[in-house]
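Visitor: mind folding the following:
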Amino acid sequence: MQLMNTMNKQHFLSACGILLLMVGWTMQGCKPSTTGELGDPFNKLEGMHGVWELNAFLQTDLQNPLREVRDLSELYIDGEVTPMQVTLNEDGRYEVLIEKGQNYFGDMGQWSLDDETHPSYIIFESQDVFGTPLDTLVYDLGSVVRPHESILDVVLERSCGDLPLLSYTFSFTRQ
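Guide: Numbers count the residues shown, from 1 in each chain. Okay, the predicted model is just below:
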């Protein structure tokens, strides 16, 4: 009798499992189908064009487990002089106007993105007034900027060998 009850329970549980699977498959078929198109992707280069004014300068301690962030904006912004401005032109040229603080970008030169469809880095190839190359500077993009957005974050990471120590985030607003 005990063996019979055990077999009935096993058949009952198997039947319940099959019934649940059938109900699940039936319910999955009830989902509405996705229609429409996402549209054309945004042109990442177009989003970068324009005049960008520094509105914050942050330092992050990459060795601190809490990733302590310090606002050092007063090194660039004092309310009296115009904060640093970076102009990124459509022809790939850039210019930096700065009255206060250290210029980490060079005065002028060529700018580009590492990948025009999925950029991670912005590249500044600084030049003197005669067009002679001076330095190539590669910075992380905090995020991709689309044409209708007004915030650009550029991140400079400082390291000692392969050990990252600090990062500086330059946060710009489109003018």
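Visitor: which residues are in contact with the most centrally placed residue in the chain?
Guide: In the chain, the centroid-proximal residue (CA atoms, centre = their mean) is Ser143; its distance is 2.2 Å. Contact analysis of Ser143 by CB atoms under 8 Å, 6 or more residues apart in numbering lists 151, 153. Backbone N, C-alpha and C define where each C-beta goes, glycine included.
Visitor: residue numbering should commence at 15 henceforth.
Guide: Will do, 15 is the new start, and the previous item becomes Ser157.
Visitor: assign a three-state SS to it, would you?
Guide: Following DSSP: H, G, I helix; E, B strand; the rest coil, Ser157 is assigned to coil.
Visitor: tell me where this protein is predicted with low confidence.
Guide: Applying pLDDT under 70 to the chain picks out residues 15-22, 38-46.
Visitor: strands of that one, start to end?
Guide: Shown for the chain, the strands assigned by DSSP state E span residues 64-75, 83-85, 99-102, 107-111, 122-127, 135-141, 147-155, 165-174, 177-188.
Visitor: let's have those in TSV, adding mean neighbour count.
Guide: Output for those, formatted as TSV (neighbours: other CB atoms under 10 Å):
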stretch	mean neighbour count
strand 64-75	18
strand 83-85	11
strand 99-102	19
strand 107-111	17
strand 122-127	19
strand 135-141	19
strand 147-155	14
strand 165-174	15
strand 177-188	17
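Visitor: out of these, which gets nearest to Leu33?
Guide: strand 147-155 (52.6 Å; CB to CB).
Visitor: how far away is Phe119 from Ser134?
Guide: Look at Phe119 and Ser134: by CB to CB, to the nearest Å, they are 18 Å apart.
Visitor: likewise Arg81?
Guide: Distance, Arg81 to Ser134, by CB to CB: 20 Å.
Visitor: just Asn103 next, same as before
Guide: 22 Å.
Visitor: more neighbours: which of the two?
Guide: Asn103 (14 against 11; other CB atoms under 10 Å).
Visitor: got the contact list for that one?
Guide: 63, 109.
Visitor: try Val158
Guide: Taking CB under 8 Å, 6+ apart as the test, what Val158 contacts is 58, 61, 133.
Visitor: how near is the first one to Lys114?
Guide: As judged by CB to CB, Lys58 and Lys114 stand 30 Å apart.
Visitor: more neighbours, the two?
Guide: In this view Lys58 and Lys114 are compared by other CB under 10 Å, and Lys58 has more residues nearby, 18 against 15.
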